[in-house]
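In: Sequence first, predicted coordinates after that:
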Amino acid sequence: MSEIIVPAKEDRKYCSSNTKYYKHSNASGELGHVNRMVFEIDENVLPEHLIEHSNFHHAGVGNPSPNAVYDEYMDVYAKAEEHKGKKLQKNATTFIDSVVSLSQAHTDKLINKKGYDWFRKAATQCITEWQEDVKEKYGYEPVGFNFHMDEGHFKEDKMKHQVISSRNYHGHCIFFNYNFSDGTAPHRKMTKKDFSNMQDMLADRFSKMGYIRGISKKLTKKNHLNKDQFIDQKLADANVEIDERLVESKIKLEAIEAEELRIKVENEMLVSEEELLNKRQLEALSKAAEAEALIVEADEKLTFAKKLRESVDKAISKLNLHFKLLVKKFKSKSKRKQALKKSAVNVVNGFSFIEDEKREMKLRKQAFELEKSLGDDSIKKEIEKRESGSNDVCNKCKKVNCSCDDAGGGTQGGSVGGIKIRP
């Protein structure tokens with residue numbers, strides 16, 4: 001036998017029936033649940049705010065009363081006794097309850113697509129036609145039905161809000177165990193095959209709404225559960241689902257914690273790298289500032305050197321020009337000699353502000369050339385005396401470093417060849 005593949009819940013569109021029977025003495029209790037008239041609290045009924053659609057029923061000739069099925073049952077009971085001509089036995093099986101169940105997924109789709117009123121009318125037609133089919137084939141007397149849309153299961157989410165987990169759409173289709181055609185009780189003749197055939201007949205009627213027959217328990221190996229067993233099974237399944245979700249949530253939580261730890265470590269590494277980068281940036285800024293200061297200092301020295309060179313070049317240019325003018329101006333040798341001596345003194349005086357060693361050597365050389373042209377060594381002696389820092393005593397006033405013309409011209413002044421030299 002090939003394996004039976006059961007569709008997922010969201011794809012199921014089954015219809016099925018499960019028939020139970022009760023004695024007349026128990027009928028009122030069962031009808032209390034069917035008609036919702038004796039139980040103040042029914043544990044199968046959802047909280048009011050979770051109920052989306054109202055229950056609906058059909059019994060007798062359009063009886064609108066909520067207790068219509070109970071009223072019709074008692075009316076048929078009286079008719080059966082009248083037809084039989086005597087009281088029915090108290091322990092006689094009279095109350096037949098065939099529970100017709102419809103898959104939630106397909107029912108919700110029909111209501112969402114065509115509306116609740118359409119579903120109510122279509123389901124009412126299918127059930128009443130099916131009850132007439134059962135009467136014709138097996139002799140049960142149809143009483144009516146009450147279809148429950150208010151039962152199901154709910155759970156609480158993380159915010160303690162009640163949310164639907166499933167809805168149990170079903171109808172209690174009531175038959176009376178009496179055949180008015182022959183005055184017999186047909187239930188004693190019913191077999192398992194007959195009840196299975198009743199499900200086939202149900203599927204034929206509900207096929208117009210898109211439902212199909214439920215899978216036989218011979219194939220699924222599942223037995224029908226009574227109300228308490230069904231609730232216990234649902235609770236057990238819910239507990240298993242909760243345990244599975246807890247394990248899944250624990251795994252996800254561990255993954256989240258691991259990810260948080262990884263991010264924390266990466267952040268710490270980033271902070272360390274950022275601190276190191278900031279330190280290096282500060283060091284680079286400090287070095288850049290030092291380099292900038294050195295550049296400024298070098299620029300200042302270069303500027304000073306350029307100005308000094310310009311000053312010396314101008315002095316030499318003026319001196320050379322002066323020499324040339326002297327040569328042209330003084331034709332006699334004696335006057336030229338006197339003028340050259342004055343120029344030589346100016347050269348010697350220039351040593352006090354010349355700081356460039358090469359420029360100083362150049363001026364010295366020019367001074368010695370003047371000395372050679374004059375024919376004496378007075379300039380050389382004056383230079384040596386200034387460099388040695390010696391002081392002369394004046395021949396006239398007998399004072400050291402005086403300003404007399406005959407003095408040797410120490411550090412406070414002197415003369416070369418009778419020409420005054422400034423200190």
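Out: That came in fine, so what should we check first? All figures in this text were calculated on a predicted structure; none of them were measured in a lab.
In: give me phi/psi at Pro66?
Out: phi -60, psi -20 (degrees, to the nearest 10).
In: Any idea how many residues pack against it?
Out: Using other Cβ atoms under 10 Å, Pro66 has 14 other residues around it. Placement of C-beta: from N, CA and C, glycine included.
In: just for this protein, where's the confidence low?
Out: 1-10, 33, 35-42, 61-63, 216-241, 243, 322-364, 366-423 (pLDDT under 70).
In: Next, the buried residues of stretch 136-155.
Out: For stretch 136-155, burial by neighbour count (16 or more other Cβ atoms under 10 Å) applies to 138-153.
In: what helices or strands is whichever strand or helix holds Leu319 leaning on?
Out: Here Leu319 is covered by helix 227-329, with elements defined by DSSP states H and E. If you count contacts as 3 or more Cβ pairs under 8 Å, 6 or more residues apart in numbering; DSSP states H and E, helix 227-329 packs onto strand 152-156, helix 333-349, helix 357-374.
In: again, only using 10 Å
Out: strand 152-156, strand 162-167, helix 333-349, helix 357-374 (3 or more Cβ pairs under 10 Å, 6 or more residues apart in numbering; DSSP states H and E).
In: coming back round to it: can you say which two of the buried residues of stretch 136-155 are spatially most distant?
Out: Gly139 and His153 (37.1 Å; Cβ to Cβ).
In: domain ranges for the protein?
Out: If you go by automatic domain parsing, the domain ranges for the chain are 9-221, 225-329, 330-421.
In: In helices, which of the buried residues of stretch 136-155 appear?
Out: Judged by DSSP state H, those include Tyr138 as members of helices.
In: Closest one of the buried residues of stretch 136-155 to His24?
Out: Closest to His24, out of all of those and judged by Cβ to Cβ, is Val143, at 12.8 Å.
In: The closest one reaches Val69, doesn't it?
Out: Yes: using Cβ atoms under 10 Å, Val143 is in contact with Val69, at 6.3 Å.
In: Which neighbours do the two have in common?
Out: Shared contacts of Val143 and Val69, defined by Cβ atoms under 10 Å, 6 or more residues apart in numbering, comprise Leu31, Ala59, Gly60, Cys173, Ile174.
In: looking at this, the last one is in a strand?
Out: Yes: residue assignment for Ile174, taken from DSSP: H, G, I helix; E, B strand; the rest coil, places it within a strand.
In: Leaving out chain neighbours, which residue sits closest to it?
Out: The shortest distance from Ile174 to any non-neighbouring residue, by Cβ to Cβ, 6 or more residues apart in numbering, is to Val143 (4.1 Å).
In: which ones are touching the one you found?
Out: 31, 59-60, 68-77, 95-97, 131, 173-176.
In: Could you report the separation of it from Glu81?
Out: Going from Val143 to Glu81 by Cβ to Cβ, to the nearest Å gives 15 Å.
In: now Leu50
Out: Per Cβ to Cβ, Leu50 is found 43 Å from Glu81.
In: Please apply the same query to Met201.
Out: Distance of Met201 to Glu81, given as Cβ to Cβ: 29 Å.
In: Mind checking which of the two has more residues around it?
Out: Neighbours were counted for Met201 and for Glu81 using other Cβ under 10 Å; Met201 has more, 18 against 13.
In: Which strand or helix spans the more buried one?
Out: For Met201, the host element (DSSP H and E) is helix 192-206.
In: Which strands or helices does the next helix or strand after that helix pack on?
Out: Using DSSP H and E, the next helix or strand after helix 192-206 towards the C-terminus is strand 212-213. Identification of packing neighbours for strand 212-213 by 3+ Cβ pairs under 10 Å, 6+ apart yields strand 14-23, helix 192-206.
In: would CSV of the ones you listed with distance to Glu254 be doable?
Out: Below are the helices and strands packed on strand 212-213 laid out as CSV (distance: least, Cβ to Cβ, whole Å):
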stretch, distance to Glu254
strand 14-23, 40
helix 192-206, 49
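In: Of these, give the one that comes closest to Gly214.
Out: Gly214 lies closest, by Cβ to Cβ, to one member of those: strand 14-23, at 3.4 Å.
In: between the helix or strand following the closest one and helix 227-329, how big is the angle?
Out: As assigned by DSSP H and E, the chain's next helix or strand after strand 14-23 is helix 24-35. Inter-element angle recorded for helix 24-35 and helix 227-329: 20 degrees (by axes from the mean of the first three to the mean of the last three Cα atoms, to 10 degrees).
In: Next, the angle from helix 24-35 to strand 14-23.
Out: Using the same axes, to 10 degrees, helix 24-35 lies at 140 degrees relative to strand 14-23.
In: now for helix 24-35, which elements pack on it?
Out: Short answer (3+ Cβ pairs under 10 Å, 6+ apart): helix 24-35 packs on strand 14-23, strand 56-59, helix 68-84, strand 93-102, strand 141-148, strand 169-176.
In: in the last one, what counts as buried?
Out: I take that to be strand 169-176. Tyr169, His170, Gly171, His172, Cys173, Ile174, Phe175, Phe176.
In: With distance to Leu302 as added columns, please give the residues you listed in CSV.
Out: Output for the buried residues of strand 169-176, formatted as CSV (distance: Cβ to Cβ, whole Å):
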residue, distance to Leu302
Tyr169, 101
His170, 105
Gly171, 109
His172, 112
Cys173, 114
Ile174, 118
Phe175, 121
Phe176, 125
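In: Cool, thanks, talk later.
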